[in-house]
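*Asks:* The following comprises the amino acid sequence and a computationally predicted model.
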Amino acid sequence: MEAVGGRAVRPGGAPRGPSPGPGAGLCRAAQRGPDETVASPRPAVDRAPLADEPGGRPPRRARVRVRGLLAVLVAVLVGGVGVGAAPAAADPIVPPGASDAVTALAQANARAADATEASLDAREQLTVRREEADRTRRESEAARVVADGARAERDRAFVEVDQISRAAYQGGQLDPLGALLGSESPQAYLDRTALLDSISADNRAIVQRFLDATAVAEGAERDAAARALDAERSSADAQRTADDAARRKADADREVAAAQQALAQASPDTLAALRSGGTTAYPTDIPGAGIAMDALRVALTQQGKPYVWGATGPSTYDCSGLVQWAYRQVGVGLPRVSRQQALVGVPVSPQDAQPGDLVFFNSPVSHVGIYVGGGKFLEAPQSGDVVKVSNVRSNVTGVRRIVLA
């Protein structure tokens, strides 16, 4: 189990919950309703109707064909990035038949959004690395205190052993022969050997205490040295992460500035074309129970609010900021960025998606929305646009279901 925001979220495995009902199932194929068109930079993938669309659930052969196409798409998206290759850029949200100006504007938005997500992710990782560095430093300091105490105990034991050794060399009659030769009478010899036995037992205890203290001290020294090395490595990791966060922040600032300039210079027609498709009047009273449905209904109340890079509400949002805000309203804390949100909950096959599931796009993940059913999802799409319900596009790379334990 994973505790998120004070409530346990199931991190993986088979999802628990009601069996798929109305609104279940989505496909990576671009889907167009009779009253809207939705951006898709890739050719649409033909598919049979979803379970909650006219025509019902597709026949088995059609389902197999769709799954095959999905598998090919996954292989292209995931396998297309080789070892050492630069990560793929986020797909721009481009309306079908868009002009070059609209396409260029959407591409600028995609670069800015991708850089912003990477910057926010690096900032979150920096917090983690710094906390790890602080923890290992505290452990190293505690181990050094233990090692110092163990050495002090060893030194005290050594003083006692040293005293015994000196007595032996200075004629302290610490052996049976010495006791016999130095006795004035047989009774004195018996008394002296009895005392010697007692002293020998004490000496053995002293020597054993010294050996034990030495072993403890050596172990404590090794542990302290290892923890000091861990602390040094964690500190170096934190510094590298800080450098990476600064670089990604500079990249994000540059890309956002370029996109803002492109938006400012765009004509009203270009901006209108960029915003085309989708609806901001989707019903907010979707039936259904569970934490995911509660979050979805809350998120739907934000339709029409502007997209702003890095915004987390309540007046403006980016894609992952909207998802995080919605779940926070129902008492569940989620990570800030989409690529971290894609690790929470349990994975779900796209064909089995239900309203409330999180839908992720691009590889690496850089966009997220909440599935509403019927092949549609709620999203904060891009700068120049607003929170709205759109058709699911073809570049889906994952679906996750938030399930409380």
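*Replies:* The structure has been received and is ready for your questions.

*Asks:* measure the nearest residue to residue 293 once chain neighbours are set aside to residue 91 for me?
*Replies:* In space, and not counting its chain neighbours, residue 293 is closest to residue 356: 4.7 Å by C-beta to C-beta, 6 or more residues apart in numbering. Where C-beta positions appear, they are placed from N, C-alpha and C, glycine not excepted. The gap separating residue 356 from residue 91 is 24 Å, by C-beta to C-beta, to the nearest Å.

*Asks:* same question, residue 117
*Replies:* 13 Å.

*Asks:* hang on, the earlier thing: who touches the residue nearest to residue 293 in this structure?
*Replies:* 288, 290, 292, 293, 295, 296, 370, 371, 401, 402 (C-beta atoms under 8 Å, 6 or more residues apart in numbering).

*Asks:* List just the nearest of these to residue 215.
*Replies:* residue 402 (51.1 Å; C-beta to C-beta).

*Asks:* Hmm, residue 332 and the closest one touching each other?
*Replies:* Yes - using C-beta atoms under 8 Å, residue 402 is in contact with residue 332, at 6.8 Å.

*Asks:* the more surrounded of the two?
*Replies:* residue 402 (26 against 22; other C-beta atoms under 10 Å).

*Asks:* Burial check on the closest residue to the more buried one other than its chain neighbours, number of neighbours?
*Replies:* Using C-beta to C-beta, 6+ apart and skipping residues adjacent in sequence, the residue nearest residue 402 is residue 345, 4.4 Å away. Neighbour count for residue 345, taken as other C-beta under 10 Å: 24.

*Asks:* between residue 117 and residue 91, which one's more packed in?
*Replies:* residue 117 (29 against 23).

*Asks:* SS state for that one?
*Replies:* Here residue 117 is recorded as helix under DSSP: H, G, I helix; E, B strand; the rest coil.

*Asks:* ditto for residue 356
*Replies:* Classification of residue 356 by three-state DSSP places it in coil.

*Asks:* For the remainder of this discussion, apply numbering that starts at 108.
*Replies:* Got it, the first residue is 108 from now on, which makes the last one we talked about residue 463.

*Asks:* Distance check, it against residue 216.
*Replies:* Distance from residue 463 to residue 216, by C-beta to C-beta: 27 Å.

*Asks:* now do residue 494
*Replies:* 15 Å.

*Asks:* what does residue 255 give?
*Replies:* Distance from residue 255 to residue 216, by C-beta to C-beta: 59 Å.

*Asks:* Which one's more surrounded, those two?
*Replies:* Each of residue 255 and residue 216 has its neighbours counted (other C-beta under 10 Å); residue 216 has more, 29 against 14.

*Asks:* Spatially nearest residue to that one (excluding sequence neighbours)?
*Replies:* Leaving aside its chain neighbours, residue 216 sits nearest to residue 489 (4.1 Å; criterion: C-beta to C-beta, 6+ apart).

*Asks:* Report how many residues lie close to the one you found.
*Replies:* 28.

*Asks:* Equivalent analysis for the one 10 residues further on, please.
*Replies:* Number of residues near residue 499 (other C-beta under 10 Å) recorded here: 28.

*Asks:* I'd say residue 503 and residue 465 touch.
*Replies:* No - Residue 503 lies out of contact with residue 465 (C-beta under 8 Å); the separation is 10.9 Å.

*Asks:* Give me the pLDDT for residue 434.
*Replies:* On the pLDDT scale, residue 434 is placed at 96.

*Asks:* Then residue 367?
*Replies:* Taking residue 367 on its own, its pLDDT is 80.

*Asks:* Cool, thanks, signing off.
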